[in-house]
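**Q** Predicted model and sequence below, questions to follow.
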Amino acid sequence: MRADLKHPGRGAASNTAGRFERYSTEMTEDSWCLPEDLPALRTEVSDEVARSLITYNKSPDLPFDRSINPYRGCEHGCVYCFARPSHAYLGLSPGLDFETRLIARPNAADVLRRELSARSYKVATIALGTNTDPYQPIEKSREITRDCLRVLSAFQHPVAIVTKGALIERDLDVLAPMARKGLVRVGISLTTLDPDLSRRMEPRAPSPQRRLRMIQNLTQAGVPVRVMTSPIVPGLTDHEIENLLEAGKQAGAEAASWIMLRLPREVSELWREWVFENQPNRAEKIMARLREMHGGKEYDPRWGHRMRGEGTYAEMIAQRFNAAVKRLGLSVDLPPLNCADFAPPPQPGDQLTLF
């Protein structure tokens, strides 16, 4: 791709049409051969009236069976994001559209309150931020995640949050009291300690040092934190595993986890574009390692395989991670969150109890 056709501050290098679209467009040079800068690619946010919010899954790879996502798309622009293909269901591209054409769900808290109030609802930990980051930049003005947390707090419902966004510190007034009741834990994704690599790979996410301060601030407020060394990129960030875990431990994390780089559907093409542009000397090695772990393919979606891969290299990564976790005293599994105190709060119009 021509240098003057790149979009500064964005992760994807292209905007290929989603897999369900009949037509596609592509950018090309005119015949004038003159340097031309593109206008800044602005973020657009549309509203969606949610009819339901809690999504249930039966995946054996996941430690939760339900999740909520206040937003579709993510402005952080992480080029490797496994959630990018979900934008194709909206008629949008998993490329630049995923990080610039966002969908907000302003009635999410009301829908969540209704779903938790249903007599048939059975409590279990809700995962927040499993598809797109609940603390991406637009949350600062929309406050949809904050509203959902207030609902969960009112119901005394347990929640596990995954984020890179420093905006989570804004909600410590809600999270700290929940933590004292055993209702919340947070996973902070830390992919590299190299600020330059992070800026190119995750262009609008907080820097590695800022994420370490997030861990510190959350743990000092009593919120348990897991450092997530995810994704590990073979041949690019794998040498940092021990340093990432040690930095997370020093910041206050009490648990750790890891996932290998995943390239489902359109993410594979987007990743190849990025890695050959940004890491030309390592690109072939990185792609060869990925194929080695997936039977010659860049990605294998099988249960029990897609998160870690298999073979000698994958086993070596697992051994290094386990050894470092043991040495540092980090946990792999945290105690379950508190489900015993779940109770819908009184609503206007409810009949009062006599006792």
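**A** Okay, I see it.
**Q** Tell me, how many residues neighbour residue 282?
**A** Neighbour count of residue 282, defined by other C-beta atoms under 10 Å: 16. Any C-beta I mention is one placed from the backbone N, CA and C, and that applies to glycine too.
**Q** which residue sits closest to it, ignoring its sequence neighbours?
**A** Leaving aside its sequence neighbours, residue 282 sits nearest to residue 235 (C-beta to C-beta, 6 or more residues apart in numbering; 5.5 Å).
**Q** which residues touch that neighbour?
**A** 282, 285, 286, 289 (C-beta atoms under 8 Å, 6 or more residues apart in numbering).
**Q** So the first one is in contact with residue 238, correct?
**A** Meaning residue 282. No: taking contacts as C-beta atoms under 8 Å, residue 282 lies outside contact range of residue 238: 11.2 Å.
**Q** Buried among the contacts of residue 235? Make that a PyMOL selection.
**A** Buried residues among the contacts of residue 235 (16 or more other C-beta atoms under 10 Å), as a PyMOL selection:
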select buried, resi 282+286+289
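**Q** Take the contacts of residue 235 and keep only those in helices.
**A** Counted as lying in helices by DSSP state H, out of the contacts of residue 235, are 285, 286, 289.
**Q** So the last one sits against residue 313, correct?
**A** Yes: in terms of C-beta under 8 Å, residue 289 counts as a neighbour of residue 313; the distance is 6.0 Å.
**Q** joint contacts of those two?
**A** Residues touching both residue 289 and residue 313 by C-beta under 8 Å, 6+ apart: residue 234.
**Q** Let me know the average pLDDT across stretch 210-227.
**A** The pLDDT scores in stretch 210-227 average 98.
**Q** Pull it out as PDB, backbone CA atoms only.
**A** Extracted as PDB, the C-alpha positions of stretch 210-227 are listed here (Å, rounded to 0.1, in the frame of the first residue of the first chain):
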ATOM      1  CA  ARG A 210      -0.200   3.300  31.400                       C
ATOM      2  CA  ARG A 211      -1.800  -0.200  31.600                       C
ATOM      3  CA  LEU A 212       0.600  -1.100  34.400                       C
ATOM      4  CA  ARG A 213      -0.500   2.000  36.300                       C
ATOM      5  CA  MET A 214      -4.100   0.800  35.700                       C
ATOM      6  CA  ILE A 215      -3.200  -2.500  37.400                       C
ATOM      7  CA  GLN A 216      -1.600  -0.600  40.200                       C
ATOM      8  CA  ASN A 217      -4.500   1.800  40.700                       C
ATOM      9  CA  LEU A 218      -7.200  -1.000  40.600                       C
ATOM     10  CA  THR A 219      -5.400  -3.200  43.000                       C
ATOM     11  CA  GLN A 220      -4.700  -0.400  45.400                       C
ATOM     12  CA  ALA A 221      -8.500   0.200  45.400                       C
ATOM     13  CA  GLY A 222      -9.100  -3.500  46.300                       C
ATOM     14  CA  VAL A 223     -10.100  -4.700  42.800                       C
ATOM     15  CA  PRO A 224      -8.500  -8.100  42.000                       C
ATOM     16  CA  VAL A 225      -6.600  -7.900  38.600                       C
ATOM     17  CA  ARG A 226      -5.400 -10.600  36.200                       C
ATOM     18  CA  VAL A 227      -2.600  -9.600  33.800                       C
END
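**Q** Which positions in it come out as buried?
**A** Buried residues in stretch 210-227 (16+ other C-beta under 10 Å): 211, 212, 214, 215, 217, 218, 219, 223, 224, 225, 226, 227.
**Q** thinking again about what came up before, just name the closest of the ones in helices among the contacts of residue 235 to residue 91, please.
**A** residue 286 (31.5 Å; C-beta to C-beta).
**Q** shouldn't residue 184 be in contact with residue 168?
**A** No: with contact defined as C-beta under 8 Å, residue 184 does not reach residue 168; the gap is 10.7 Å.
**Q** just the strands in this structure please.
**A** When secondary structure is read from DSSP state E, the chain shows strands at 44-47, 55-56, 66-68, 71-72, 101-104, 126-128, 159-163, 184-189, 225-232, 255-260.
**Q** Give me the below-cutoff pLDDT ranges for the chain.
**A** Within the chain, the stretches with pLDDT under 70 are 1-6, 21-39, 348-355.
**Q** This completes my enquiry, with thanks.
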